[in-house]
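1. quick check, what structure comes out for this input:
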Amino acid sequence: MMFARMQAYAATCNPLDVMEEIQQDHENLFFSDVQARGKYPSYAQRFFKQNGIELKIEDGDLELLAQYSVDFMSFSYYMSSVARAKGTEEGERTAGNFSMGEKNPYLEVSDWGWQIDPVGLRITLNKLYDRYQVPLFIVENSLGALDKVEADGSIHDSYRIDYLKAHIKQMYEAIEDGVELMGYTPWGCIDLVSASTSEMSKRYGFIYVDADDEGNGSYDRSRKDSFFWYQKVIETNGAAALEE
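-> Below you'll find the model as predicted:
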């Protein structure tokens, strides 16, 4: 399985905001809680009751659920969010991979308003490993950005390299924290239409594809600077990402 992880921070030390952070975690981690722990979490029972949900559980279902929990947990990580209780004063808004949310004043944002939070990845790795005690696998992580093709055909995407480098460094920190991290695959190796915005101009790849948002272009492919950099990262098992 893979789930989309959204690390949330309480907007303030107001207990209501902290409770909102907990509730957002419950929503984000419900399916992974079931699949990693082999049972429905206690907090789900209240949600089911309040929303008139009655699960159809047949003989042997709960035993099978407990018997076949996952051996590892895979997830995507792109950004973090701010949790603020309903009815309290909201701050500036920004975009996200699920919905609009409150802007974190301590973080920079991408061309599409997604908050860039490498330390949030370390926090996520620690929280998930503490929660599940199974190996973790980051299967999506990268920066959607506007790429410019120079006159000579080169694409200098240093911003993507900086993003990936910062996140890989935090992965190393999490490993030192004791997290069992089994692998990392960034998204994605080649430009394609972004699932979140349906735009080709929101590019993630190490390989540039000559196509625009309307489908026009030659579809020729060119390697970006990040292609050659990540090639070294792979060859050194991540060590190249730790170089200044």
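2. who touches stretch 61-77?
-> 1-5, 7, 32, 34-39, 120-121, 124, 128, 132, 134-141, 167, 182, 187 (CB atoms under 8 Å, 6 or more residues apart in numbering). C-betas here are computed from N, CA, C, even on glycine.
3. list the helices and strands the helix or strand bottoming out on mean pLDDT in the chain packs on?
-> Least confident helix or strand of the chain, by mean pLDDT, DSSP states H and E, is strand 93-94 with a mean of 72. Applying 3 or more CB pairs under 8 Å, 6 or more residues apart in numbering; DSSP states H and E, one finds that strand 93-94 contacts strand 101-102.
4. ok, how many other residues are close to residue 63?
-> 10 (other CB atoms under 10 Å).
5. thinking again about what came up before, where strands are concerned, which of the contacts of stretch 61-77 count?
-> 2-5, 7, 136-140, 182 (DSSP state E).
6. closest to residue 15 among those?
-> residue 7 (19.8 Å; CB to CB).
7. tell me which residues touch residue 225, please.
-> 154-158, 161.
8. how near is residue 91 to residue 22?
-> Distance, residue 91 to residue 22, by CB to CB, to the nearest Å: 20 Å.
9. I meant residue 211, not that one.
-> From residue 211 to residue 22 the distance is 43 Å (CB to CB).
10. one more: residue 228?
-> 43 Å.
11. what of residue 174?
-> Taking CB to CB, one finds residue 174 at 22 Å from residue 22.
12. between the two, who's got more neighbours?
-> For the pair residue 174 and residue 22, the greater number of neighbours falls to residue 174 (22 against 13), based on other CB under 10 Å.
13. buried ones among the contacts of stretch 61-77?
-> By neighbour count, with 16 or more other CB atoms under 10 Å, those hold 3, 5, 7, 32, 34-38, 120-121, 124, 128, 132, 134-136, 138-141, 167, 187 as buried.
14. out of the ones in strands among the contacts of stretch 61-77, flag the one nearest to residue 44.
-> For the ones in strands among the contacts of stretch 61-77, the nearest to residue 44 is residue 3 (15.4 Å; CB to CB).
15. for that closest one, name its beta-bridge partners.
-> Residue 3 forms beta bridges with residue 75, as assigned by DSSP bridges.
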